[in-house]
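Engineer: Following is a predicted model, sequence given first.
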Amino acid sequence: MKKSVIDDSYKYGFSKPEKYFYKSEKGLSEQVIRTISGYKGEPQWMLDFRLKSYLGYLKKTLPSWGADLSGIDFRDIFYYIKPTSGKVSSWADLPAEIKDTYDKIGIPEAEKKFLAGVSAQYESEVVYKSVNEMLKKKGVVFLDMDSGLREYPELVRQYFGTVVPPLDNMFASLNSAVWSGGSFVYVPKGVHVELPLQAYFRINAANMGQFERTLIIADEGSSVHYVEGCTAPIYSSDSLHSAVVEIVVKNGARVRYTTIQNWSKNVYNLVTKRTVVDEEGVMEWVDGNLGSKVTMKYPSIYLKGRKARGEVLSIAYAGSGQHQDAGGKVIHLASETTSQIISKSISKGGGRTSYRGLVEVAKGAKNVKSKVVCDALLLDEDSRSDTYPDMRIHEKDVSIEHEATVSKIGDEQMFYLESRGLTKEQAQSMIVNGFIEPIVKELPLEYAVEMNRLISLQMEGSVG
Amino acid sequence: MSMKEITIKQGTTSTLLHEDPECTYIIESGATCSLVVFQNDTSPVMTIKVRLVGESAVAKITGVSIPTKENLILRTLQSHEAIKTTSDLFVKSVVFGSSSYAYSGSIRVEKQAQRTDAYQRNENLLLSEDSLASSKPALEILANDVRCTHGATVSSIHPDELWFLESRGIPPESAKQMVVGGFIHSLFERVSDTILVSQLEEKIWQSIPSFVR
């Protein structure tokens, strides 16, 4: 199974015939939003939320900074697609075609045994889900967002749109208007979820926007690790992916959110991810960006409570025709808060990586510590690397550090490895894997393995 | 009005004190330019551009900004336009009272500027509850055979440092002055022209409020 994957010219470059239950018309209008909401049988407040967001979206413009987004045609996108008529709860009940897709990505069936829950997103809605009995016993809620809204309307209403307001930015507004799918996670007080919760995402329709909406609430003293992995097949026309992820970390809770983004190279990936962390809470974003044509993603952390901590670990790889504009933001709003941002980026074959980040210390937040480290590797002369860090410090008793380096692979390193019989590609891939190792080792094992394999593939040039 | 330009001719070495609001320095092949930048409340906005246009050109920029009442802005650009060029920038600020300091520094390495070595460092010391510092670097690297490093820090005087000095009988005001002096002093080692260093030292002490708060 793994072998056939490697033999593909683009690892995930295949697509399956589309089979839909319902597909909205192209483009966006109030009618489309009413249809989506009606179709899902949503409460009135959610429809109002969507319509309000839509009106806000109409007034917003594309950001004037960052990557080139002029290639997106917002009128040429399907805003909602419902793939099959219902949801299935076991692997065996999945349509053969979807199972085949997962096999090609390499989700092993063993996952059922090992992983706490697999929520796999095929098209706009979760079609496959297996939530372990253990989670249920502990009172942990792990649902797709639509089911979350149906089954826990009060909880959703209390937090939905509070971390990322619907009028925050153009893409947050768009997502708030047409969101579909995504995950809803609630971890009760003091509960520790030992195994990572995983959601596998996949798009399979040309010109289809994916607007997932994820809300994670970690109640006091709880902990959870959520893993999101994305792969998408290649299509000639441009696709848009614009998710919103909201995370609420209560007093003393701990959340880690891991993403491996590997969309095909025609996808615009414009994501708003944000956390609010209360007293002594810990938030960790582990963010890997390998695919897509353009990614703009800056996971942010608002440290609102005393002694809260935030960490962002980011890896970006940009090959030919790709622009990875990624980074992280930490806003220190309370005293004794600490943060760390570590970013590693690699540009090859004319690709461009940009680190864009912010560390802000608000007035009154004392004894704040923050460290930002950005390292970039340029593999050939056609590639480009940018670093745009920003520091805004409004308080005296702080310790803020930032450092960045940009370099190429050392000739001596290459010589050393080549003199020991490795080919140029093998040597490069070994050095690049070493370069990103500090972040890869934070990934769950199967992702770390896949990451190393992907980097090796990229270095061998079979992907370009 | 066009911006003031100073050209450092091929193969020559110059050490210059920069006090203008704006200036572009064009450094030709084999030339070395050592710039000493001093900024206080009388020159709230400064823009310094260094263009390394010839092979093996070198620029060294050493700067001190001391805002006490005003909001100072320092902008720098290290533009590498030829091969084997080197730039080395180190600017520090000491921010007093309710003043502020905003640094924005760019390093741009053009495609043809292979084997560039670029360095940029900004350190800021905040001396009052109301002082504010922001640091906004930008690195844009279009060549691959480069070494480009950047760093920035913002901090205040650590109470341990003051305690150490005060426990040895040094009054709090003098202790603060010593720490500030030490913070700035490390920059002087970068400038080989001793006359320029003593000029700079005098300017700095004149700008610092008589008793450091």
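Structural biologist: In hand now; what should we look at? Numbering: from 1, shown residues only, chains lettered A, B, ... in the order given.

Engineer: ok, residue A:458 to residue A:60 distance?
Structural biologist: 35 Å (Cβ to Cβ, to the nearest Å). In this view, the C-beta of every residue, glycine as well, is placed from N, C-alpha and C.

Engineer: out of the two, which sits in the more crowded spot?
Structural biologist: residue A:458 (23 against 15; other Cβ atoms under 10 Å in any protein chain shown).

Engineer: List the contacts of that one.
Structural biologist: By Cβ atoms under 8 Å, 6 or more residues apart in numbering or on different chains, residue A:458 lies in contact with A:290, A:317, A:319, A:348, A:429.

Engineer: Look at the third one and report its pLDDT.
Structural biologist: Think residue A:319. We have a pLDDT of 90 for residue A:319.

Engineer: okay but it is in contact with residue A:352, surely?
Structural biologist: No - using Cβ atoms under 8 Å, residue A:319 is not in contact with residue A:352; the gap is 10.1 Å.

Engineer: Make a markdown table out of the contacts of residue A:458 and add distance to residue B:125, neighbour count and secondary structure.
Structural biologist: A markdown table is the format used below for the contacts of residue A:458 (distance: Cβ to Cβ, whole Å; neighbours: other Cβ atoms under 10 Å in any protein chain shown; DSSP: H, G, I helix; E, B strand; the rest coil):
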| residue | distance to residue B:125 | neighbour count | secondary structure |
| --- | --- | --- | --- |
| A:290 | 41 | 25 | coil |
| A:317 | 38 | 25 | strand |
| A:319 | 43 | 21 | coil |
| A:348 | 40 | 25 | coil |
| A:429 | 44 | 19 | helix |
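
Engineer: What is the nearest of the residues you listed to residue A:227?
Structural biologist: Minimum distance to residue A:227 across those is 15.2 Å, recorded for residue A:290 (Cβ to Cβ).

Engineer: ok now do that closest one, which residues does it touch?
Structural biologist: Per Cβ under 8 Å, 6+ apart, neighbours of residue A:290: A:260-262, A:315-317, A:451, A:454, A:458.

Engineer: how does it look with 10 Å?
Structural biologist: Applying Cβ atoms under 10 Å, 6 or more residues apart in numbering or on different chains, we find residue A:290 in contact with A:230-231, A:260-263, A:315-319, A:322, A:324, A:346, A:450-451, A:454-455, A:458, A:463.

Engineer: Shouldn't residue B:197 be within a helix?
Structural biologist: Yes - under DSSP: H, G, I helix; E, B strand; the rest coil, residue B:197 sits within a helix.

Engineer: residues touching it, list them.
Structural biologist: B:36, B:62, B:185, B:187-191.

Engineer: Tell me how far it lies from residue B:93.
Structural biologist: Going from residue B:197 to residue B:93 by Cβ to Cβ gives 18 Å.

Engineer: need the helices for the chain, in chain order.
Structural biologist: Reading this off chain A. Assigned by DSSP state H, chain A shows helices spanning A:2-7, A:30-40, A:44-59, A:96-105, A:111-114, A:133-138, A:145-151, A:153-159, A:170-178, A:411-418, A:424-440, A:445-459.

Engineer: actually it's chain B I care about, not the one you picked
Structural biologist: Taking DSSP H, the helices of chain B run over residues B:159-166, B:172-188, B:194-207.

Engineer: now the last one: mean pLDDT?
Structural biologist: In this model, helix B:194-207 carries a mean pLDDT of 89.

Engineer: mind listing what's buried in it?
Structural biologist: By neighbour count with 16 or more other Cβ atoms under 10 Å in any protein chain shown, helix B:194-207 contains the buried residues B:196-197, B:200, B:203-204, B:207.

Engineer: Reformat these as CSV; add distance to residue B:73.
Structural biologist: Output for these, formatted as CSV (distance: Cβ to Cβ, whole Å):
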residue, distance to residue B:73
B:196, 24
B:197, 25
B:200, 20
B:203, 19
B:204, 19
B:207, 16
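
Engineer: re the thing from before, of the contacts of residue B:197, grab the buried ones for ChimeraX.
Structural biologist: Buried residues within the contacts of residue B:197, by 16+ other Cβ under 10 Å, are selected in ChimeraX with:
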select /B:36,62,187,188,191
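
Engineer: Below-threshold pLDDT in chain B: ranges please.
Structural biologist: Applying pLDDT under 70 to chain B picks out residues B:1-2, B:210-213.

Engineer: in it, which residue is closest to the centre?
Structural biologist: Closest to where the C-alpha atoms of chain B average out (Cα atoms, centre = their mean) is residue B:91, at 2.2 Å.

Engineer: Show me what that one is bridged to.
Structural biologist: As for beta bridges, residue B:91 partners with residue B:63, residue B:122 under DSSP bridges.

Engineer: need the contact list for it.
Structural biologist: Contacts of residue B:91 by Cβ under 10 Å, 6+ apart are B:37, B:39, B:48, B:61-65, B:74, B:76, B:101, B:103, B:105, B:120-124, B:135, B:152, B:187.

Engineer: pLDDT weak spots in chain A?
Structural biologist: For chain A (pLDDT under 70), the answer is A:1-24, A:81-133, A:199-209, A:229-238, A:446, A:450, A:460-464.

Engineer: about what we covered before: how about a markdown table for the helices of chain B, with distance to residue B:128 added?
Structural biologist: Formatted as a markdown table, those follow (distance: least, Cβ to Cβ, whole Å):
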| stretch | distance to residue B:128 |
| --- | --- |
| helix B:159-166 | 15 |
| helix B:172-188 | 11 |
| helix B:194-207 | 15 |
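
Engineer: Mind checking the ones you listed for the one nearest to residue A:433?
Structural biologist: helix B:172-188 (37.9 Å).

Engineer: quick one: is that closest one near chain A?
Structural biologist: No - figure legend: helix B:172-188 not in contact with chain A (Cβ under 10 Å from any Cβ of the partner chain); closest approach 12.8 Å.

Engineer: what are the ranges of the strands in chain B?
Structural biologist: Counting by DSSP state E, chain B has strands at residues B:5-8, B:13-18, B:22-27, B:32-40, B:45-52, B:58-66, B:71-80, B:86-95, B:100-109, B:116-126, B:132-141, B:146-156.

Engineer: CA-only coordinates of the fourth one, as PDB, when you get a sec.
Structural biologist: If I follow you right, that is strand B:32-40. Taking C-alpha atoms only, strand B:32-40 is exported to PDB below (Å, rounded to 0.1, in the frame of the first residue of the first chain):
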ATOM      1  CA  THR B  32      34.500  49.800   3.400                       C
ATOM      2  CA  CYS B  33      32.100  52.200   5.100                       C
ATOM      3  CA  SER B  34      31.800  52.300   8.900                       C
ATOM      4  CA  LEU B  35      28.800  54.400  10.000                       C
ATOM      5  CA  VAL B  36      28.300  55.600  13.500                       C
ATOM      6  CA  VAL B  37      24.700  56.700  14.100                       C
ATOM      7  CA  PHE B  38      23.500  58.900  16.900                       C
ATOM      8  CA  GLN B  39      19.900  59.800  17.400                       C
ATOM      9  CA  ASN B  40      18.200  61.800  20.200                       C
END
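
Engineer: could you give the angle of that strand to strand B:100-109?
Structural biologist: Counting by axes from the mean of the first three to the mean of the last three Cα atoms, to 10 degrees, strand B:32-40 lies at 160 degrees to strand B:100-109.

Engineer: Just the buried positions in strand B:32-40, please.
Structural biologist: B:32-40.

Engineer: and the angle for it with helix B:194-207?
Structural biologist: On the basis of the same axes, to 10 degrees, strand B:32-40 is oriented at 20 degrees to helix B:194-207.

Engineer: now swap in the fifth one and tell me
Structural biologist: Strand B:45-52 runs at 160 degrees relative to helix B:194-207, counting by the same axes, to 10 degrees.
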